[in-house]
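Enquirer: Here's my sequence, what's the structure:
(chains A and B)
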Amino acid sequence: MIVAEQKPLAEIKEMVAPYGKVLLLGCGTCVKTCFAGGEDEVAVLASALRLSFRREGKEINVEELTVERQCEDEFIQESAPAVARSETVLSLACGAGVQALARRFRAVPILPGVNTTFMGVLERPGLFTEECSGCGDCKLALFGGICPFTRCAKKLLNGPCGGSRNGQCEVSPDTECAWHLIIERLQALGQMESLRAYVPPKNWRASLSSGPRKLIREDHVL
Amino acid sequence: MKIEPTSRLEQILSSGGFAVTAECGPPRGADPEVVRKKGELLRGSVDAVNVTDNQTAIVRMSSIAACSHLLQMGLEPVMQMVTRDRNRIALQSDIMGAYSLGIRNILCLSGDHQSFGSQPDALNVFDMDSLHLVRTVRTMREEGTDMSGFSLKGPPRMFIGAAANPFADPFEYRVVRLAKKIDAGADFIQTQCVYNMERFKAWMKMAREEGLTERVHILAGVTPLKSEGMAQYMAKRVAGMDLPDHVIRRMGGVAKEKAAKEGLSICLETIAALRETDGVHGIHIMAIEWEGIVQSIVTAAGLSPRPRVDAADVSP
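Expert: Here you go, the predicted structure:
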């Protein structure tokens, strides 16, 4: 899923302060799962904003709505009447959702309510970890299913750096050394020989390095 | 194909000599005098001066420029190059530029992560890893081409070094990684500072068993300790360092004013043990901001004077 984190209230308040009518628009897919921008978070944030502004003697009209996915126009459309009633939209979707709204509603300022952080997994309740950078050229088969592009702070492709100690990354003791995990996993799979193979430099052409990417599926084009 | 030695360091190592190199960190500023002073302190004591590339991710004068200052003094530099700050285009360009200035030795590194430095907000590059860099320099030297396969006019012919940390984990994999660096084209290997001799010897034994010491020149790293505080700092704060408790206790067991002398004794004992270790072909002295001690270490270790290398033995 795409993992995001709600922005601090102070930053959100600063963004919405110039407006009297704000639509708080949640997204019911990824950001709901990571507790950043689903229906519940929309309700809590709306109350917090109203209270906080009221304490400062300012009344603000906050409308709440959550759609299934802000990255698909079909669902975005459901919010059109509410958007029309508002001076601004604070989107609690990921950056893709914010931009999809901006594309659909050209006359209304769309503000980001969350920081989109990474593509990851729910490792255990309350812990989300980054696993994939969407590089466009997956080589996980070489690395026992553990991505060194994403999970090694130096993107090393040919083994751990000199800072790997007790399975920890030198950059942060809270981070597992990706290469330690790769070696353990390949050992367990009986594929240690593949660790001796030279892995050439990454071809970054399929990545964001070539500019924003497009995927065209001819079989689905209407 | 590489036939004649390209550098003084290569000449010494390939003729079976025991090499001595020392580290020189460029200044946090643009004054070449700082480099020259450090170079002067090392003159005559070492075969080559190893110049760091923004070490610990702190911005300093570039390694290429500092190497060039040393060259002008008649000293032979080893240029460190990290893949943290430059993509493959800039790295290849700088290798050629460095060679054009007369730099003949390169040490290929990935580099300390920027989070350890003074500008942790920086974006890192890591377009390539250190192994890719080693292979790139070898391809330039032996195929005469850049990474695209383009034939270079006057390809650089560098003597190629890489780093190894026998003290990092997973231990059993460290020799595999060494073999990969040698396969990629490393001519010499510089190790992390040796304080844990037991572990270093175990690593060397594995390297010998794999036949790696026949294929590469291993220079063991040593750093003289100045104080107990420095020992504790290195043990706790420096990534990849293995400084055993008994060494820290030894530094703390003497009066403060005698600590530097004790550090020097430890360093000399380490060098003596390294010279007895099969497959160790030299030492690399990393006297951090203490270049003045190098001459005493080299002399006391009985490694002085350094062999003369006739200019005719080294191809331009």
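
Enquirer: Could I get the average pLDDT for the longest strand seen in chain A?
Expert: When every strand of chain A is counted residue by residue (DSSP state E), the longest turns out to be strand A:114-124. Mean pLDDT, computed over strand A:114-124, is 96.

Enquirer: Now do the buried residues in that strand.
Expert: If you call a residue buried by 16 or more other CB atoms under 10 Å in any protein chain shown, then strand A:114-124 has these buried ones: A:114, A:116, A:118, A:119, A:120. Any C-beta I mention is one placed from the backbone N, CA and C, and that applies to glycine too.

Enquirer: And stretch B:202-221, by the same measure?
Expert: When burial is assessed from 16+ other CB under 10 Å, stretch B:202-221 yields the following buried residues: B:203, B:204, B:206, B:207, B:212, B:213, B:216, B:217, B:218, B:219, B:220, B:221.

Enquirer: residues contacting the residue in chain A that chain B sits nearest to?
Expert: With distances taken as CB to the nearest CB, chain A approaches chain B most closely at residue A:162, which sits 3.1 Å away. Remark: with contacts taken as CB atoms under 8 Å, 6 or more residues apart in numbering or on different chains, residue A:162 is in contact with B:163, B:164, B:165, B:167, B:168, B:192, B:239, B:240.

Enquirer: Now it. Nearest residue, chain neighbours left out?
Expert: Spatially, and ignoring its direct neighbours in sequence, residue A:162 is nearest to residue B:165 (3.1 Å; CB to CB, 6 or more residues apart in numbering or on different chains).

Enquirer: does the one you found really touch residue B:192, like I thought?
Expert: Yes. With contacts defined as CB atoms under 8 Å, residue B:165 counts as touching residue B:192 at a distance of 4.1 Å.

Enquirer: any residues in contact with both of the two?
Expert: When contacts are counted by CB under 8 Å, 6+ apart, the set common to residue B:165 and residue B:192 consists of A:162, B:240.

Enquirer: interface residues of the stretch 51-200 of chain B facing chain A?
Expert: B:84, B:88, B:110-111, B:113, B:115, B:124, B:126-129, B:131-132, B:135, B:147, B:163-165, B:167-170, B:173, B:176-177, B:179-180, B:183-184, B:192 (CB under 8 Å from any CB of the partner chain).

Enquirer: can we see that at 6 Å?
Expert: Where the stretch 51-200 of chain B comes near chain A, counting by CB under 6 Å from any CB of the partner chain, the residues are B:110, B:113, B:115, B:126, B:128-129, B:131-132, B:165, B:168-170, B:173, B:176-177, B:180, B:192.

Enquirer: quick one, domains of chain A?
Expert: Under the assignment automatic domain parsing, the domains of chain A span A:2-118, A:133-204.

Enquirer: The ones you listed: lowest mean pLDDT?
Expert: Mean pLDDT is lowest for domain A:133-204 out of these, coming in at a mean of 94.

Enquirer: Do you have the strands of chain A handy? List them.
Expert: Listed from the start of the chain, chain A has strands (DSSP E) covering A:2-6, A:21-27, A:61-67, A:88-91, A:110-112, A:114-124, A:127-132.

Enquirer: Dump the ones you listed to CSV, plus distance to chain B.
Expert: Supplementary listing: the strands of chain A in CSV, determined by distance: least, CB to the nearest CB, whole Å:
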stretch, distance to chain B
strand A:2-6, 19
strand A:21-27, 29
strand A:61-67, 34
strand A:88-91, 27
strand A:110-112, 21
strand A:114-124, 16
strand A:127-132, 16
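
Enquirer: Look up phi and psi at the closest residue in space to residue B:63 that isn't next to it in sequence.
Expert: Across the structure, with CB to CB, 6+ apart as the measure, the residue nearest residue B:63 apart from its sequence neighbours is residue B:53 (4.1 Å). Note on residue B:53: its backbone torsions stand at phi -110, psi 90 [degrees, to the nearest 10].

Enquirer: can you tell me the average pLDDT over stretch B:298-316?
Expert: For stretch B:298-316, mean pLDDT is 83.

Enquirer: Give me the contacts around that stretch.
Expert: Counting contacts by CB atoms under 6 Å, 6 or more residues apart in numbering or on different chains, the residues outside stretch B:298-316 that touch it are B:4, B:5, B:8, B:11, B:17, B:20, B:45, B:47, B:268, B:271.

Enquirer: Only alpha carbons, please: show that stretch as PDB.
Expert: These are the backbone C-alpha positions of stretch B:298-316, laid out as PDB (Å, rounded to 0.1, in the frame of the first residue of the first chain):
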ATOM      1  CA  VAL B 298      57.400   4.300  10.200                       C
ATOM      2  CA  THR B 299      60.900   4.800  11.700                       C
ATOM      3  CA  ALA B 300      60.100   3.000  14.900                       C
ATOM      4  CA  ALA B 301      58.500   0.100  13.000                       C
ATOM      5  CA  GLY B 302      61.800  -0.300  11.100                       C
ATOM      6  CA  LEU B 303      60.100   0.500   7.800                       C
ATOM      7  CA  SER B 304      62.400   3.500   7.000                       C
ATOM      8  CA  PRO B 305      63.900   4.500   4.600                       C
ATOM      9  CA  ARG B 306      61.300   3.800   2.000                       C
ATOM     10  CA  PRO B 307      62.500   2.200  -1.200                       C
ATOM     11  CA  ARG B 308      63.500   4.400  -4.100                       C
ATOM     12  CA  VAL B 309      61.600   3.900  -7.200                       C
ATOM     13  CA  ASP B 310      63.300   4.900 -10.400                       C
ATOM     14  CA  ALA B 311      61.100   7.000 -12.600                       C
ATOM     15  CA  ALA B 312      62.100   4.800 -15.500                       C
ATOM     16  CA  ASP B 313      60.400   1.900 -13.800                       C
ATOM     17  CA  VAL B 314      57.000   3.600 -13.900                       C
ATOM     18  CA  SER B 315      55.400   4.200 -17.200                       C
ATOM     19  CA  PRO B 316      54.000   7.700 -17.700                       C
END
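
Enquirer: For it, buried residues please.
Expert: In stretch B:298-316, residues buried by neighbour count (16+ other CB under 10 Å) are B:298, B:301, B:303, B:306, B:309, B:314.

Enquirer: So what's the gap between that stretch and the chain middle?
Expert: Here the centre of stretch B:298-316 is set off from its chain's centre by 17 Å, with CA atoms, centre = their mean, to the nearest Å.

Enquirer: With stretch A:156-168 instead?
Expert: Mean-position distance between stretch A:156-168 and its chain equals 27 Å (CA atoms, centre = their mean).

Enquirer: Distance across that stretch, terminal residue to terminal residue?
Expert: 15 Å (CA to CA, to the nearest Å).

Enquirer: Helix or strand next in line after the helix or strand hosting residue B:259, which one?
Expert: Residue B:259 belongs to helix B:259-275 when assigned by DSSP states H and E. Counting by DSSP H and E, the next helix or strand C-terminal to helix B:259-275 is strand B:280-285.

Enquirer: between that following strand and helix B:259-275, how many degrees?
Expert: Counting by axes from the mean of the first three to the mean of the last three CA atoms, to 10 degrees, strand B:280-285 points 160 degrees away from the direction of helix B:259-275.

Enquirer: what's strand B:280-285 in contact with?
Expert: The list of residues contacting strand B:280-285 from outside it, by CB under 6 Å, 6+ apart, reads B:13, B:18-22, B:190, B:217-222, B:271, B:274, B:294.
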